[in-house]
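Colleague: need the 3D shape of this:
(chains A, B, C and D)
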Protein chains: 2
Amino acid sequence: METTPETSLREDASVEVALPCAADTLLRKLWGQWKTHVIYVLGERHACRFGVLRRTITGISPKVLTQRLRELEADGLVWREQENTIPPKVTYGLTQTGLAVHAVLKDIEKIEV
Amino acid sequence: METTPETSLREDASVEVALPCAADTLLRKLWGQWKTHVIYVLGERHACRFGVLRRTITGISPKVLTQRLRELEADGLVWREQENTIPPKVTYGLTQTGLAVHAVLKDIEKIEV
DNA sequence: GAAAGTCGTTACCAAATGGAAACCACCCCT
DNA sequence: AGGGGTGGTTTCCATTTGGTAACGACTTTC
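Modeller: Numbering: from 1, shown residues only, chains lettered A, B, ... in the order given. Below is the predicted model:
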C-alpha cells in the first residue's frame, strides 16, 4: 500500500476517528481486587506498616497484599521503605501521584449510584 | 463460639478497624477492558449507535462491545434505546450517573504519571 | 440473486486472576 | 524450649476474563 490515495473518503469519517480514553491508562492501575482499598487506607493513614495494612483490609491474604503493593510501587503510586532491623520494619505510603489518586477516590465516593 | 467475650482487647485495635474504600463499588463497574472507552466516547458524543461505537473504539469485537454495553446498562451508567425498524436502530447514551463518571474521567486525565 | 450493512448471539479456547495453605528466618517473651 | 509476631514467598488450584470465528434475520443496493 503506497501513498494510500484515500480514494473514497466517507463524509462522516472524521466523526468516527479513534477516540481513546486517556484516563484508562491510570485507571488500569487500579484494576484488580483490593487496589483501591490499599490506596484508600494509605491515604487516610499517611503511612502504614505491612501488618497494619493486612489487618485493616479485612479478608486480604498476605500473598495478594504483597503483590498489590509491588504493582502499585512499580506504577509509581506507592513508596516503600525498609528498615533492616530484626524483625524488619517495612513502611508504605503514597507518592505524589498516589495522593492525587486518593483525592479522586474521595470525589468518586460522592457519586455512587 | 457464643457471646465472644472479647477477652483481651488490644489497645490499638481502634486504629485498625476495617476501612473500606467506598469508591471501590463504583470503580469496579469500570474494570474490564474497553469500559472506560465506551463511557468516554458516549460522553463526548452524547449518544451513539452501535456501529459508530464499534468503529470508534478500534480493536473491540462485537461480542465484547455488546457485553460491555449490557454490563454498563445493568449498572445504571448507560441507557439503551431501540427503534424496531428494519434493520433496527439501537442508540446508547449516558445516564445521570454515567455523566458523572465521564466527568471524573476528564479529571483523571489531568493526573497521569 | 448475491453482497453488504443492521445488531447482535453462540460456541470454543487460551490466558490472566485470585485465593488458601504451607513455609521461611529471625527475634522476644515466658 | 515453645508460642507468637515480623514480612514476606511458594505451590497449587478454580474461576474469570477476553478474544476469534461463525452464524442469525432482515433489507437495500448492485
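Colleague: up against DNA strand C, what does chain A have?
Modeller: A:31-34, A:59-64, A:86-87 (CB under 7 Å from any atom of the strand). All C-beta spots, glycine's among them, are computed from the backbone N, C-alpha and C.
Colleague: how far does stretch A:76-94 sit from the chain's center?
Modeller: 18 Å (CA atoms, centre = their mean, to the nearest Å).
Colleague: coming back round to it: among the residues of chain A next to DNA strand C, which lie within strands?
Modeller: If you go by DSSP state E, the residues of chain A next to DNA strand C have nothing in strands.
Colleague: most neighbours out of those residues, which is it?
Modeller: Ranked by neighbour count (other CB atoms under 10 Å in any protein chain shown), these have A:Trp34 at the top, with 20 neighbours.
Colleague: where do the strands sit along chain A?
Modeller: Using DSSP E, the strands of chain A run over A:47-49, A:78-83, A:89-94.
Colleague: so who does A:Glu16 touch?
Modeller: By CB atoms under 8 Å, 6 or more residues apart in numbering or on different chains, A:Glu16 lies in contact with B:52, B:55-56.
Colleague: and what of A:Leu27?
Modeller: By CB under 8 Å, 6+ apart, the neighbours of A:Leu27 are B:27, B:30, B:36, B:105, B:108.
Colleague: do that again at 10 Å, thanks
Modeller: A:21, A:101, A:104, B:27, B:30-31, B:35-36, B:104-105, B:108 (CB atoms under 10 Å, 6 or more residues apart in numbering or on different chains).
Colleague: weed out the non-buried ones from the residues you listed.
Modeller: Among those, those buried by neighbour count (16 or more other CB atoms under 10 Å in any protein chain shown) are A:21, A:101, A:104, B:27, B:30, B:35-36, B:104-105, B:108.
Colleague: and those, which is closest to DNA strand C?
Modeller: B:Leu27 (12.3 Å; CB to the nearest atom of the strand).
Colleague: and the closest one, how far is that from B:Glu83?
Modeller: Counting by CB to CB, to the nearest Å, the separation of B:Leu27 from B:Glu83 is 33 Å.
Colleague: can you check A:Thr25 too?
Modeller: From A:Thr25 over to B:Glu83 (counting by CB to CB), the distance is 36 Å.
Colleague: which one of those two is surrounded by more residues?
Modeller: The neighbour count for A:Thr25 versus B:Glu83, taken as other CB under 10 Å, is higher for A:Thr25 (16 against 10).
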